[in-house]
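Dropping a prediction and its sequence here:
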2 protein chains.
Amino acid sequence: MSYVAPLKDMLFVINELAGLSAVNALPGCEDATPETVEAVLEENAKFTGEVVAPLNWVGDQAPSYWKDGQVFTTKGFKEAFKMFAEAGWQGVQHPAEFGGQGLPKLVATPCIEMLNSANISFALCPLLSDGAIEALLTAGSDAQKEIYLEKLISGQWTGSMNLTEPQAGSDLAMVRSRAVPEGDGTYKVFGTKIFITYGEHDMTDNIVHLVLARTPDAPEGVKGISLFIVPKFLVNADGSLGSRNDVHCVSIEHKLGIKASPTAVLQFGDNGGAIGTLVGQENRGLEYMFIMMNAARFGVGMQGIGVAERAYQKAVGYAKDRVQSRDLAGSAGPVTIIHHPDVRRMLMSMRAQVEGARALAYVAASLSDTAHHHADDATRKLSQASYEYLVPIVKGWSTEMSLDVTSTGVQVHGGMGFIEETGAAQHYRDAKILTIYEGTTAIQANDLVGRKTARDAGATAKALIAQVRATETELANSASPDLQAIGRQLEVGSVALEDVVDFVVTNFKTDIKAVFAGSVPYLKLAGLVLGGWQMARAALIAEAKLQADDGDASFYKAKIATARFFADHLLSAAHGLRSSIVDGSAGVLAMSEDQF
Amino acid sequence: MSYVAPLKDMLFVINELAGLSAVNALPGCEDATPETVEAVLEENAKFTGEVVAPLNWVGDQAPSYWKDGQVFTTKGFKEAFKMFAEAGWQGVQHPAEFGGQGLPKLVATPCIEMLNSANISFALCPLLSDGAIEALLTAGSDAQKEIYLEKLISGQWTGSMNLTEPQAGSDLAMVRSRAVPEGDGTYKVFGTKIFITYGEHDMTDNIVHLVLARTPDAPEGVKGISLFIVPKFLVNADGSLGSRNDVHCVSIEHKLGIKASPTAVLQFGDNGGAIGTLVGQENRGLEYMFIMMNAARFGVGMQGIGVAERAYQKAVGYAKDRVQSRDLAGSAGPVTIIHHPDVRRMLMSMRAQVEGARALAYVAASLSDTAHHHADDATRKLSQASYEYLVPIVKGWSTEMSLDVTSTGVQVHGGMGFIEETGAAQHYRDAKILTIYEGTTAIQANDLVGRKTARDAGATAKALIAQVRATETELANSASPDLQAIGRQLEVGSVALEDVVDFVVTNFKTDIKAVFAGSVPYLKLAGLVLGGWQMARAALIAEAKLQADDGDASFYKAKIATARFFADHLLSAAHGLRSSIVDGSAGVLAMSEDQF
């Protein structure tokens, strides 16, 4: 059940597809030299592989548990988190000003992937802290930054995001928690929050809860929600811990997966009111929360890639070990099952999906770096638009893909896969939350359709498609039959995607239900085409390297084979998805409620 | 968490698609009048819904457990099984000669579906008994039939199938269990069998183990395997129980799902040898086992349909109840989530897959009845060939479909789906074994490619496709735009399937690895096209009923909408699958083992 970080592929994607040298040339990214990045990744691979990965199965078998208002995390988690914090891993992408390493998102992203491959349950805690840090950096007052940021970035404290209430899940307009101003700059917060990841735990001395609540005169709906910091322990002026705040964990959930990660029900204000301070301005809470959520959504996409990579490695290991049946081409005795074509197909499907999603996510991370750091205003804006278009795809597609990959992982193990001790089933169970939290796939797809496609009349989507087209031309001009074949499938894909973008833009105002009936298929189509595009780019680079006899020929040949598989077995679904979207709304919407 | 059998759809499929009146006209099927069948189904719906379904969640929470060699099933199972047996449900499809009801497979099939919707873990026990009954009917001696059949058919005893050993899973050539003749007509059996479903339990007084083992001089490989009856308790000449046989349960597995169903490790002969009798002739065990397996494979396909139907009902219930977000078309307040297009899409996807798979399975059952009972030899042969072609599809496609449907079921529940108490996750966990046991999907696909397609040069497949073509013509001639749209997608599908059948037949001898690299996609394509065909037939019938103002208009309109959804959202994948199969072997097979 070990995990070995796929550093070779990660570095290939970082350098060749996501353009590390260009990121390194951006103002403020001078430290991210190829040598430094490689060293950081190697160190992270070591830590996640040796310290965090062995705790994954342990946490599934002995989950965190609740007793008398306290949550006790799985044995070993506290010590591992201390090591994580002390090594500075929480701060990789955060500003040096507050103790972080100030490295680009392109460098933090593979680190997040590795941590999630090692242990999703463990990785969730830093992921939530990242969200809190991001929100405070954007909207926190200087005083709030002073008090909280260094402690969060150093991993001395952790953060939590308190959005959901029993009646308010995807629909945050229904948040009812209240925050009453005390007149001294503080508020008293009251309410129940559910599904709060690491809302209570014993790994650090304090937890910084970021909480959505309504002030007394707030308007109804999403425009009346404010964001508050409610620390578990109040913080004295000198930064030391003060008294226990009135926020308490009344239970944690019994879940299908990520069992070591405590999912808390938090009661705020049952004993007079939890003391909080406002972040930014009143009624702008949702806006700030969306800043956290965009980062968190990207992070959950990385969770999908991480768990899928782990499941892939496990399946490959089993397929190379398990002996069963003779080779189809004829062999004296039985062979390892990796010799059987369908096992091969399953492994290639897992591999291709992981590599495609990884490539797309890292390219998105690089766009985010350009958007933040580029000297040219227009370039920043264009990059930001592309990044924002990709966020729901990285989140939605990579997590949907992880369901397929972890399911196939169990299948490769045959009957043993169904036995919990084997460990393959844990990945299948763990992955299932990823298409749900931080916005379900449907919520991601709504974002993709509304804010990311219809709002700019498809301009960002079309600009990306134009880049896909350029790659198609390169593929068509290649002498390699594999690359030509990839080019043909990519063209079918990009034509389908363009049709769908037109369909969305054209019908958004006139037939919105028909558009949203195809929103998730659109998200999947976009993921396949853009992920397939990255695989095609990778194949072009690999072919050039092979022609130039430059580097590891076996790696490059495998990359071409994987890209070819992606094109023929995954991207080939594009035409059918187009059909579902453009022709398919009738079937979705025809029935009345009572016909179900 | 209740289950209400979808009797309306079942009866529609039985009568209109599977042709109950023609089955009823077959010699030996005279009892299966429409009225009797409806009464049987109503009674079964009542029993499964009221008695068995409530035990489903109970069994997940308090699984069967092992103690000192004994297995104690979930509280309530023993009593429910007694009721099941006493009501005669084990005997629905078995000969009246041995106490069964002698009804056609077309009638037994919906009963099996209902039992599995109610509780897969419970249903497994009768499923294994069915297999044992089938094997003894085919190959048992008169004495064996006399001793065992009535007791199995009455549910007084149960059966188990002992194939798998640690080194012999999909590859039964590697079976090592030994059977040594004692000279008195009995054998002493030695060996370890794993993954034995209901290999030990406390629901009946005796268990009839059917065991694969090798006699001392048997040839190697699959041609040296014999089948033995090894009862848990030996049976005296008068039918009463004798001494305890030397077969013992040393443990049961800790599994991802179907937790109430004990999965036993059985030791045969640790204390001198388990006494068994040979079934049929030596070295023909695998042949007999395949008789059981064909029935069992069909049964597992029904498990997929059963669990998917249950997950669908649960998701619909939640979607009609959970209030969240406003209607896209504009509403004053939040609405139940069934109003949201993507929830609608998910529910339709679940519904369409369940209905399509049900229709195909029931049609297959009807073909089996014709194959057994028709007066005309040629008709019997043709029906048998079609049925055998469909068995791996019913097993493989219906179970793969159940993974998708139960996963979507969790997704419809959002965050609540991930909480075990909600119950949606149990279906997701339970379904995962269905694509593995009784032959993985790859094993089904190998069967489809080799024995069912290449062997007759695609003749059976082409005959079915010709029938699909006839349906396409009817659809094209319809005045309904929905039916015309269905026809267009069906045509794309049947063309793709025909191409693939040609590809399989052409390349089977020359490039077998390329053919098997596409075997599972072929199975899925065949499922989609043939399931889509049944939905199209259903839509034609529904349209005719509507035109004639005959019957429940709401039901028929829903059927057309569901068929339309199937065509646009599921069948539309056909073209891409064809691509994966015909173009895709290069990507599957290019990499060497060390490149993984």
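Received the coordinates, thanks. Residues are numbered from 1 along each chain as shown, chains lettered A, B, ... in the order given.

How many residues are close by the closest residue to A:His94 other than its chain neighbours?
Once flanking residues are discounted, A:His94 sits nearest to A:Gly100: 3.1 Å by C-beta to C-beta, 6 or more residues apart in numbering or on different chains. Placement of C-beta: from N, CA and C, glycine included. Residues lying near A:Gly100 (other C-beta atoms under 10 Å in any protein chain shown) number 21.

how deep is A:Asp217 tucked in, by neighbour count?
9.

Can you tell me how far it is from A:Glu282?
9 Å (C-beta to C-beta, to the nearest Å).

ditto for A:Val307
Where A:Glu282 is concerned, A:Val307 sits at a distance of 39 Å (C-beta to C-beta).

Dihedrals phi and psi, A:Ser480?
phi -80, psi 130 (degrees, to the nearest 10).

Please identify which helix or strand holds the closest residue to it other than its chain neighbours.
In this structure, A:Ser480 finds its nearest non-sequential neighbour in A:Glu543, 5.5 Å apart by C-beta to C-beta, 6+ apart. With elements taken from DSSP states H and E, the one containing A:Glu543 is helix A:519-547.

which helices and strands sit right next to that helix?
helix A:341-373, helix A:377-412, helix A:441-449, helix A:459-476, helix A:481-507, helix A:553-565, helix A:574-583, helix B:341-373 (3 or more C-beta pairs under 8 Å, 6 or more residues apart in numbering or on different chains; DSSP states H and E).

contacting residues for the residue nearest to A:Ser480?
Shown in contact with A:Glu543 (C-beta atoms under 8 Å, 6 or more residues apart in numbering or on different chains): A:Ser478, A:Ser480, A:Leu483, A:Tyr556, A:Ile560.

Can I take it that the first one is in a strand?
No - per DSSP: H, G, I helix; E, B strand; the rest coil, A:Ser478 lies outside any strand segment and is coil.

what about it, neighbour count?
For A:Ser478, using other C-beta under 10 Å, the count is 17.

Just give me the neighbour total for A:Asp246.
Neighbours around A:Asp246, by other C-beta under 10 Å: 19.

Look up phi and psi at it.
Dihedral angles (degrees, to the nearest 10) for A:Asp246: phi -90, psi 60.

Hmm, A:Ile275 and it touching each other?
Yes - between A:Asp246 and A:Ile275 there is a contact under C-beta atoms under 8 Å: 7.2 Å.

what's the pLDDT at A:Asn236?
At A:Asn236, the model reports a pLDDT of 95.

just checking, next helix/strand downstream of the host helix or strand of A:Ala296?
Element membership for A:Ala296 (DSSP H and E) is helix A:285-321. Going down the chain from helix A:285-321, the next helix or strand is strand A:323-326, by DSSP H and E.

what residues does that following strand touch?
Counting by C-beta under 8 Å, 6+ apart, A:332-337, A:340, B:167, B:169-171, B:173-174 sit against strand A:323-326.

pLDDT of that strand, averaged?
Strand A:323-326 comes out at a mean pLDDT of 93.

Who is A:Ile196 paired with across the strands?
Counting by DSSP bridges, A:Ile196 is bridged to A:Ala264.

For it, grab the count of nearby residues.
Around A:Ile196 there are 25 residues (other C-beta under 10 Å).

Run through the residues that contact it.
A:Ser160, A:Met161, A:Asn162, A:Thr164, A:His209, A:Thr263, A:Ala264, A:Val265, A:Leu266.

Mind doing that once more with 7 Å?
With contact taken as C-beta atoms under 7 Å, 6 or more residues apart in numbering or on different chains, A:Ile196 is in contact with A:Ser160, A:Asn162, A:Thr263, A:Ala264, A:Leu266.

Likewise for A:Phe72?
A:Ser64, A:Tyr65, A:Asp202.

run the last query once more with 8 Å
A:Ser64, A:Tyr65, A:Trp66, A:Asp202.

What about those, which one has the most neighbours?
Highest neighbour count within the contacts of A:Phe72, by other C-beta under 10 Å: A:Ser64, with 24 neighbours.

Now do the contacts for that residue.
Counting by C-beta under 8 Å, 6+ apart, A:Ser64 touches A:Val71, A:Phe72, A:Thr73, A:Thr74, A:Phe77, A:His201, A:Ile252, A:Lys259, A:Ala260, A:Ser261, A:Pro262.

Just give the number of residues close to the closest residue to chain B within the stretch 101-250 of chain A.
Distance from chain B to each residue of the stretch 101-250 of chain A (C-beta to the nearest C-beta) is smallest for A:Asp171, at 4.1 Å. For A:Asp171, the neighbour count with other C-beta under 10 Å is 17.

do the same with A:Ser2
The local packing of A:Ser2 (other C-beta under 10 Å) involves 12 other residues.

What is the burial count for the closest residue to it other than its chain neighbours?
Setting aside the residues directly before and after it, A:Ser2 is nearest to A:Ala53 in space (C-beta to C-beta, 6+ apart), at 6.4 Å. Neighbour count for A:Ala53, taken as other C-beta under 10 Å: 22.

A:Ala53 contacts A:Val4, correct?
No - here A:Ala53 does not reach A:Val4: they are 9.1 Å apart, not a contact under C-beta under 8 Å.

overlap in contacts of these two?
Counting by C-beta under 8 Å, 6+ apart, nothing touches both A:Ala53 and A:Val4.

Strands of the stretch 101-250 of chain A, start to end?
Under the criterion DSSP state E, counting those that start in this stretch, strands of the stretch 101-250 of chain A are mapped to A:158-162, A:178-181, A:186-197, A:207-213, A:226-231, A:233-235, A:241-244, A:247-252.

re the thing from before, now for the contacts of strand A:323-326, which sits with the most neighbours around it?
Neighbour max across those (other C-beta under 10 Å) = A:Ile337, 26 neighbours.

For that one, give its distance to B:Asp550.
Taken as C-beta to C-beta, the span from A:Ile337 to B:Asp550 is 54 Å.

Domains in chain A, by residue range?
A:7-62+A:75-153, A:158-283, A:441-588 (automatic domain parsing).

related to what we said a few turns ago, out of the contacts of A:Ile196, which two sit at the greatest distance?
A:Asn162 and A:Thr263 (12.3 Å; C-beta to C-beta).

For the two, work out which one has more neighbours and name it.
A:Asn162 (29 against 26).

Contact partners for the residue nearest to A:Ser554 when sequence neighbours are not counted?
Ranked by C-beta to C-beta, 6+ apart and with sequence neighbours excluded, the top spatial neighbour of A:Ser554 is B:Gln595, at 5.9 Å. Listed by C-beta under 8 Å, 6+ apart, the contact set of B:Gln595 reads A:Ser554, A:Lys557, A:Ala558, A:Ala561.

what residues are up against A:Ala558?
So A:Ala558 contacts B:Met591, B:Gln595 (C-beta under 8 Å, 6+ apart).

Would you mind naming what in the stretch 401-550 of chain A lies close to chain B?
With C-beta under 8 Å from any C-beta of the partner chain as the criterion, the stretch 401-550 of chain A meets chain B at residues A:403, A:407, A:410-411, A:414-415, A:417-421, A:425, A:428-429, A:432-433, A:435-437, A:440-442, A:445-446, A:482, A:485, A:489, A:512-513, A:516-521.

Are any of those buried, and if so which?
A:403, A:407, A:410-411, A:414-415, A:417-420, A:425, A:428-429, A:432-433, A:435-437, A:440-442, A:445-446, A:482, A:485, A:489, A:512-513, A:516-521 (16 or more other C-beta atoms under 10 Å in any protein chain shown).

the helices in the stretch 51-200 of chain A, which residues?
A:55-61, A:77-86, A:105-118, A:120-139, A:142-144, A:150-153 (DSSP state H, counting those that start in this stretch).

In JSON lines: the ones you listed, plus distance to chain B.
Shown next, in JSON lines, are the helices of the stretch 51-200 of chain A (distance: least, C-beta to the nearest C-beta, whole Å):
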{"stretch": "helix A:55-61", "distance to chain B": "10"}
{"stretch": "helix A:77-86", "distance to chain B": "20"}
{"stretch": "helix A:105-118", "distance to chain B": "17"}
{"stretch": "helix A:120-139", "distance to chain B": "13"}
{"stretch": "helix A:142-144", "distance to chain B": "29"}
{"stretch": "helix A:150-153", "distance to chain B": "25"}
